[in-house]
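Trainee: the following block contains a protein sequence and its predicted model.
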Amino acid sequence: MKEVWGKVEENREIAPGYFALKLEGDFPPSKPGQFAMLSPASALDPFLRRPFGIAGQGPGWIRFIYKVVGRGTALLSRLKPGESISLISPLGKGFSQVEGTSLLVAGGTGIAPILYLASVLERFVLLYGAKNSEELLVEEVKRTIGEKHRIVYVTEDGSFGERGLLTEHIPEGNFSIAFVAGPYPMMKEFAGNYRGRAQFSFEARMGCGFGACYSCVVKVKKGGEEKYVRSCVEGPVFDGEEVVWI
Amino acid sequence: MKEVWGKVEENREIAPGYFALKLEGDFPPSKPGQFAMLSPASALDPFLRRPFGIAGQGPGWIRFIYKVVGRGTALLSRLKPGESISLISPLGKGFSQVEGTSLLVAGGTGIAPILYLASVLERFVLLYGAKNSEELLVEEVKRTIGEKHRIVYVTEDGSFGERGLLTEHIPEGNFSIAFVAGPYPMMKEFAGNYRGRAQFSFEARMGCGFGACYSCVVKVKKGGEEKYVRSCVEGPVFDGEEVVWI
Amino acid sequence: MDLSVNVGGLRLKNPLILASGTAGYGVELLPFMDLNRLGGIVVKGLYPYPREGNPPPRVWETPCGLLNAIGLQGIGMEKFAREILPGLSKLDTAIFINACGEEDEEYVEVVKYFSSFDGVAGIELNLSCPNVREGGNCPALWPEWSYRIVKASREVTDKPIIAKLSPNTGSLVEVASACKEAGADAVSLVNTYLGMAVDFRTRRSRLSTLFAGLSGPAIKPLALRAVYMVASSVDIDVIGIGGITRGEDLLEFLLVGARAVQIGSITLREPSAGIRILEEAVQLLKEEGYNSFKEIIGRFEIV
Amino acid sequence: MDLSVNVGGLRLKNPLILASGTAGYGVELLPFMDLNRLGGIVVKGLYPYPREGNPPPRVWETPCGLLNAIGLQGIGMEKFAREILPGLSKLDTAIFINACGEEDEEYVEVVKYFSSFDGVAGIELNLSCPNVREGGNCPALWPEWSYRIVKASREVTDKPIIAKLSPNTGSLVEVASACKEAGADAVSLVNTYLGMAVDFRTRRSRLSTLFAGLSGPAIKPLALRAVYMVASSVDIDVIGIGGITRGEDLLEFLLVGARAVQIGSITLREPSAGIRILEEAVQLLKEEGYNSFKEIIGRFEIV
């Protein structure tokens, strides 16, 4: 993990309110499931960095997908190519690497770390849901993982793919593990419906992202004991078995 | 006076630390000596607008010259063509219009309102001083007022024009009035050395710029009485006779 | 949508009031917005006599805020009544006087003077300016002192009395209680927080005074708590003040118990902010299915 | 250039200390900077036992600041001493313990425990965390309570004792005096300001607690005044804390009387901020012709 500067190569609205941000620079290598803290402002307001799951990384570049939800992301969305932004990357623990076929599950902006994971996996099925077809980033998915994998799209209003909740359309299959990223209620519901091994990527409200402030805790069971652990250091990816759903 | 938005047409460093900002938009007409309040940030920090003397205005455009001195002007200097900025303009009282030949006196960024004034006057002599040749905006001056007026340049180090303080090189002449803009010590010194009628443009620390907060007061003599008046409403231009120099 | 609120015995057309000290005498804002759309305006503090205020520099910007040490420069009550109030009174918004005094009697003099003006909806007692007495002292730091001024004011007016309180006391709730006991119809809070800015180069204050008052969004979390403390423990109407810059901020103050709010520093940055904030708040209320501001007042729930 | 300062009987290599609570146990910052360059590090608050802290959400961003309600989650003194202190002790910077307790005796237990560790330069008594007792209560709101804990701590250690004070009291100067009387070597201030953040949609707090502590640049003007008040009226060494983000801020705190400073929230945004701030301060000092930090301490002049 390191404080580094990236130069904006692209910051494009890929769907209403959703942006893809690609930075050029010399970034330490990451693995899928890890995240970065981006500083939306050079002035003192907004004060804190924002955490974003890494959506992809290669030699000299790193990529994020984010949704404008508040002041910080609104400022981010105004960044123009050529401008610089400070980031701390990579942070946290990523997804485990497991043999066999994986089930990838993404809800909303959870698609970002899942796409990064998909780009390094050989065999998987993707289950991806959003509110409606506008918020479903189908082009992103196609661009990253091509056509040779099974994909189940779900929208709440049925405007694309299956209709309903993502958790109502969990594909059958002999999966060695499920990797899940998305809103807490979706992940909790999934955890309740899915029997196999699963890892969940949490989006906790963060202070620093590197373990100094103890803001972003998640309750886990470890050694028979429940306790708060920092999702920025011990997560953001947790094994389903250790998560205490609330 | 009105809250309006301007689109950046140009925001160019014309000398080390000095910028010329030209905005496009539908701005209410102004007169030389009036100023505008520019908002350097869309976020809440920095919080206040900054006052800048108008350096020129025409149909569909307005122009400023500023020096980067702090957080607000540093943010301003990063504005790129096409971006928008909020301003309140025009504010305050401008210079009086007087028959005859005027002496225009500008120190440092005081050149901004003086150039605007020069652009509408027929007959004048310009006395313009800065620390050194780098900070003396000779090209700006030439562009605005051409070659047909007498100009006395002064630099403290003598790197361009006369050497020394501006107030040591006040041109002789039969001036109906002197219009002075620049740092307080320079203006005070000038006021002590110059016997004719003069108007001074003050740069007071401002809150709002439109008379609501009473932050930017200057002490003046009016009707035999000394009192604080708002430089944003009753100034920023004051008659030499009424100024109480401190 | 019913925008009206009731506070201190008054019905305001909406809960957005311009705070004293950042709206001049009201007229300074005429070029920027339709003042008739506001719930009310509290004009700049008035003494019985004109007042010079502190020497400049009087203002210093801080992160998301500003320190001021204006020191209540003003034209005095009579000139205001003669030259400005007649015009203001024609507006369809509640006009509030902000009464000041060096001595207690001066507060009472201002209150009494304006009691006979139909164009005055109510009188805010400025018990809390930190820039006019030694070391930031003011009546609102002390329950007894506040009680005395409110009580004496109550005896000379039937108009609603709003006591403007200071956050610079460990006795905020006690001061609010004292104001209620003395007959205040409402309290408004907070006035500015005592702060300081210095220049390490000159080794002196950035302002002409040693201390100054901090306002602006920086203080919002502190002000919100102060309002909650008073609204939840003293049986008196509260007007919330402190760092409001958005419709959402306004609603938050109502949520913790304020019946109306005042906006201050944001007006200096954005003179028409009052209208924007009001519109934003109405829109948010609608989105959440409320039919009035009143429905949200004091509805905060402790988990 | 002599960067050293003397505070609480210690000589620090420079006046920049990382504040407790925003630097973890120190080790979290190792990837970002050379900790040996710092004047000191105050580690996260330690009780005699591990502590769970408050439920999430524990943090909420505010304009130029943040509210936190961490509630002193921690691994407890023994695990810290066993697993972390040995490594920290090897650093060439002053390591300070931040001692906490529910009961007064627990503070004393932590102080006593660490008195025998050579690697501990001093002990900061956390008398002022607003997130662990009902309504934000804490010892540092009360001169007597503060006196008791400092006095009892003094009896069990010869290491420098720094009492960390709260701004949420009307008795700040009295509390500082009480700490001096009880034998503290220094006071550090301010801890966070009590504030609040609510969500008008859910009608609940943005945090798991009712109140939370505000820190960050938003509070700098308030903290600077608090430091000035104590430094100018109580004969005790002061460590200034509150919203420092730049070298100039550091110098301002020294100017009004602090002998060293702690930086807090800025570390969360910029983990290597300590080094940057120190470098900026040294550069500014040089530009103004000073030869040491010591030359500027307390040199503020009232006009």
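Mentor: Perfect, I can see it now.

Trainee: beyond the helix or strand harbouring A:Leu104, next helix or strand please.
Mentor: Secondary-structure assignment from DSSP states H and E places A:Leu104 in strand A:102-107. Per DSSP H and E, the first helix or strand lying C-terminal to strand A:102-107 is helix A:111-118.

Trainee: what sits up against that following helix?
Mentor: Contacts with helix A:111-118, where a contact means Cβ atoms under 8 Å, 6 or more residues apart in numbering or on different chains, come from A:32-33, A:35, A:52-57, A:64-66, A:95, A:102, A:104-106, A:124, A:126, A:128, A:137, A:140-141, A:144-145, A:149, A:179, A:181, A:201. No exception for glycine: its C-beta is placed from N, CA and C like everyone else's.

Trainee: dump whichever helix or strand comes after it to CSV, restricted to CA.
Mentor: Sequence order places strand A:124-130 as the next helix or strand after helix A:111-118, per DSSP H and E. Taking Å, rounded to 0.1, in the frame of the first residue of the first chain, the C-alpha atoms of strand A:124-130 are listed here in CSV:
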residue,chain,number,x,y,z
PHE,A,124,-17.1,-18.9,-13.5
VAL,A,125,-20.8,-18.0,-13.9
LEU,A,126,-21.8,-14.4,-13.3
LEU,A,127,-25.0,-13.4,-11.6
TYR,A,128,-25.4,-9.6,-11.9
GLY,A,129,-28.4,-7.6,-10.8
ALA,A,130,-29.4,-3.9,-10.7
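
Trainee: just to revisit the earlier point, which of the contacts of helix A:111-118 fall within strands?
Mentor: A:35, A:52-53, A:56-57, A:64-66, A:102, A:104-106, A:124, A:126, A:128, A:179, A:181, A:201 (DSSP state E).

Trainee: from chain B, how far out is the residue in chain C sticking out farthest from the centre?
Mentor: Residue farthest from the centre of chain C, counting by Cα atoms, centre = their mean, is C:Arg201 at 35.1 Å. Using Cβ to the nearest Cβ, to the nearest Å, C:Arg201 is found at 14 Å from chain B.

Trainee: now A:Ile88
Mentor: 21 Å.

Trainee: just C:Leu16 next, same as before
Mentor: 16 Å.

Trainee: that residue against C:Gly39, yeah?
Mentor: Yes. In this structure, C:Leu16 is within contact of C:Gly39 by Cβ atoms under 8 Å, at 4.7 Å.

Trainee: what about the longest helix in chain A?
Mentor: helix A:184-193 (DSSP state H).

Trainee: does chain D have contacts with that one?
Mentor: No. Judged by Cβ under 8 Å from any Cβ of the partner chain, helix A:184-193 and chain D are separated, with a smallest distance of 11.1 Å.

Trainee: tell me the contacts of A:Asp26?
Mentor: A:Asp26 touches A:Val4, A:Gly60, counting by Cβ under 8 Å, 6+ apart.

Trainee: can you report phi and psi for it?
Mentor: A:Asp26 has phi and psi values of phi -100, psi 90 when expressed as degrees, to the nearest 10.

Trainee: picking up where we left off before, in the longest helix of chain A, what's buried?
Mentor: A:Met186, A:Met187, A:Glu189, A:Phe190, A:Ala191 (16 or more other Cβ atoms under 10 Å in any protein chain shown).

Trainee: joint contacts of C:Leu16 and C:Gly39?
Mentor: C:Ala260, C:Leu278.

Trainee: which residues are in contact with stretch A:53-63?
Mentor: A:6, A:9, A:20-27, A:29-30, A:32-36, A:64-65, A:87, A:89-90, A:109-113, A:115-116, A:119, A:144, A:181, A:201, A:203, A:236.
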